[in-house]
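J.: Got a predicted structure plus its sequence, pasted below:
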Amino acid sequence: MDFTLYYRGELKSNGSPTDKHKIRRRIHAQLKDLWRHLPLSNFTRLLAPPEEYGEGSLIRRKHGFNFAPLVAEYNGHVAELSIHLLWPASPGAIITSGGDLDNRVKTLLDALKIPTELTALPPGTVPESGEDPFFCLLEDDSLVTRLTVEADRLLEPVVSTSEVVLTIRVRTKALKALIATSGMT
């Protein structure tokens with residue numbers, strides 16, 4: 001399955017748990033909408049709690065949240081990501097000034113996955129209305145098998161020098177065949 005996620009906002013080179021969760025919430029809203037459309041709308045049974053659907057559930061209970069990763073070890077899916085990053089500086093400046101590209105991409109990848117440690121969330125964070133389940137792209141960033149990043153100049157005024165516009169082209173692939181998820185990718 002191929003789709004594109006969008007983000008406009010701050011992307012810091014050493015993003016805090018608060019920074020990452022802001023991104024995570026923006027991505028959640030887009031993925032929640034994606035699950036309303038084919039082919040995912042045929043697989044909403046996978047979003048049932050584990051006690052109702054058993055091991056086939058995609059729900060991962062962590063830190064008071066019911067996370068629903070689209071790409072998970074259970075369903076045998078992996079993701080290829082192609083990121084187009086627009087930045088308010090000349091091409092190449094993202095590497096030489098204002099923070100390195102690697103750490104910004106790491107901040108983004110952390111925001112796309114289920115937080116592994118409680119400290120990866122802002123203190124006291126609980127699900128808000130419409131965040132149960134909380135949709136995320138990845139169960140773990142180790143499920144990314146291909147990653148490309150293209151950086152270019154953002155040709156609009158910005159509020160902050162760490163403001164970016166991202167499009168994230170996602171391609172999911174099934175590494176193993178499961179009857180429960182056949183046709184999902």
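T.: Sure, I can see it.
J.: where exactly do the helices run in the protein?
T.: 17-34, 50-53, 93-96, 101-112 (DSSP state H).
J.: could I get these as JSON lines with mean neighbour count, mean pLDDT and distance to Asp152?
T.: For every residue, glycine as well, the C-beta is placed using N, CA and C. Shown next, in JSON lines, are the helices of the chain (neighbours: other CB atoms under 10 Å; pLDDT from 0 to 100; distance: least, CB to CB, whole Å):
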{"stretch": "helix 17-34", "mean neighbour count": "18", "mean pLDDT": "98", "distance to Asp152": "20"}
{"stretch": "helix 50-53", "mean neighbour count": "12", "mean pLDDT": "79", "distance to Asp152": "43"}
{"stretch": "helix 93-96", "mean neighbour count": "14", "mean pLDDT": "62", "distance to Asp152": "10"}
{"stretch": "helix 101-112", "mean neighbour count": "20", "mean pLDDT": "94", "distance to Asp152": "12"}
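J.: Indicate which one of those helices is closest to Leu118.
T.: helix 17-34 (9.5 Å; CB to CB).
J.: on that earlier part again, now render the helices of the chain as a markdown table, adding distance to Val144.
T.: Shown next, in a markdown table, are the helices of the chain (distance: least, CB to CB, whole Å):
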| stretch | distance to Val144 |
| --- | --- |
| helix 17-34 | 14 |
| helix 50-53 | 25 |
| helix 93-96 | 20 |
| helix 101-112 | 7 |
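J.: wait, which of these is closest to Pro133?
T.: Using CB to CB, the helices of the chain put helix 17-34 closest to Pro133, at 8.6 Å.
J.: Which helix or strand in this protein has the lowest average pLDDT?
T.: helix 93-96 (a mean of 62; mean pLDDT, DSSP states H and E).
J.: give me every residue that touches His84.
T.: By CB atoms under 8 Å, 6 or more residues apart in numbering, the residues touching His84 are 150, 152, 166-167, 169.
J.: What pLDDT does the model give it?
T.: Turning to His84, the model gives it a pLDDT of 97.
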